[in-house]
Structures are given as C-alpha cells and as structure tokens.
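**Student:** Give the three-dimensional model of this entry:
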Amino acid sequence: MRRLADNLVGTARDRLDLLGLELQEEKLRLVRLFVWISAALLSAMMAIGFLSLTVVFLASPRTRPAVLIGLTVIYAVAALFIALGLRRRLAQAPRVFEATVDELTRDRSCFDTPSREN
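**Tutor:** Reported below is the predicted structural model:
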C-alpha cells in the first residue's frame, strides 16, 4: 500500500511539474505575442497616418472631403478583415495544457483497465 501511495504521489507531482512548465511556456508565448502585436500595430498606424496625410495634402481642396471619406471607408473595411482574421487565428490556437490533460487521461486509463498480474 505504501508503494502504491508513493507511486500515486510521484505521478501527481510529475503532472503538477508538467502543468507548471506549461503555464510558464504559455505566459512567455503570450508576452511575446503581445510585444509583436504592439510593435506591428504601432508601425502600421504610423505608416497609415503619414500615407493618409500625404494623400489628403496632394488632393485638391475641393476633393479633400471625398478623399477623407474614402480613406475612412478603406480603413474600416481593413479593420473588419483584420479582426475576422484574428478571431479565426485565435480559434485555431492549440489547447492550453494539452500535454498535462493527455498525461492525466493516460493515467486514468491505467486505473480503468483491470490488472492481469497474479
């Protein structure tokens, strides 16, 4: 009984270690993702802003309102497509703690099957 208890405690500890490792990896992945998204958004917003200013500046004074409306529509449509793409990408992300859940499922299946040892 003591050996069985030791094995159970050891297995539980291994699974908790794996869970902790996966938590750490997930945290690092999210921080990296946030940094890359922030850098990309800042750069894109600066480029779009300066491009818009250039286009409006080059337009004649009579057509500037139409140019501003056109740019607004283009940016709104682009934002919609980006949001839909981000939503799809997040839906396809791997499950959190997948390895831990798989190991616990395998452990549970070991207890579900009857032992053939005599």
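**Student:** Do you have the helices of the chain handy? List them.
**Tutor:** 2-58, 64-91, 98-112 (DSSP state H).
**Student:** can you redo these as CSV with mean neighbour count and mean pLDDT?
**Tutor:** All C-beta atoms are positioned from the backbone trio N, CA, C, and that covers glycine. Listed next are the helices of the chain as CSV, based on neighbours: other C-beta atoms under 10 Å; pLDDT from 0 to 100:
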stretch, mean neighbour count, mean pLDDT
helix 2-58, 11, 89
helix 64-91, 11, 92
helix 98-112, 12, 73
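**Student:** Contact partners for Leu41?
**Tutor:** Neighbouring residues of Leu41 by C-beta atoms under 8 Å, 6 or more residues apart in numbering: there are none.
**Student:** try 10 Å
**Tutor:** Ile82 (C-beta atoms under 10 Å, 6 or more residues apart in numbering).
**Student:** go on, Leu71?
**Tutor:** Ile48, Leu51, Ser52, Val55, Val56.
**Student:** let's go with 8 Å and repeat that
**Tutor:** Ser52, Val55, Val56.
**Student:** which residues touch the first one?
**Tutor:** Right, Ser52. Ser52 neighbours (C-beta under 8 Å, 6+ apart): Leu71.
**Student:** Could you report the neighbour count for the residue nearest to Val101 when sequence neighbours are not counted?
**Tutor:** Nearest-residue entry for Val101: Arg95, 7.3 Å, with adjacent residues in sequence omitted and distances by C-beta to C-beta, 6 or more residues apart in numbering. Arg95 has 8 neighbours, counted by other C-beta atoms under 10 Å.
**Student:** Give me the distance between the two termini of stretch 93-101.
**Tutor:** 16 Å (C-alpha to C-alpha, to the nearest Å).
**Student:** Which residues does it contact?
**Tutor:** For stretch 93-101, using C-beta under 8 Å, 6+ apart, the contacting residues are Arg15, Leu18, Leu19, Glu22, Leu23, Glu26.
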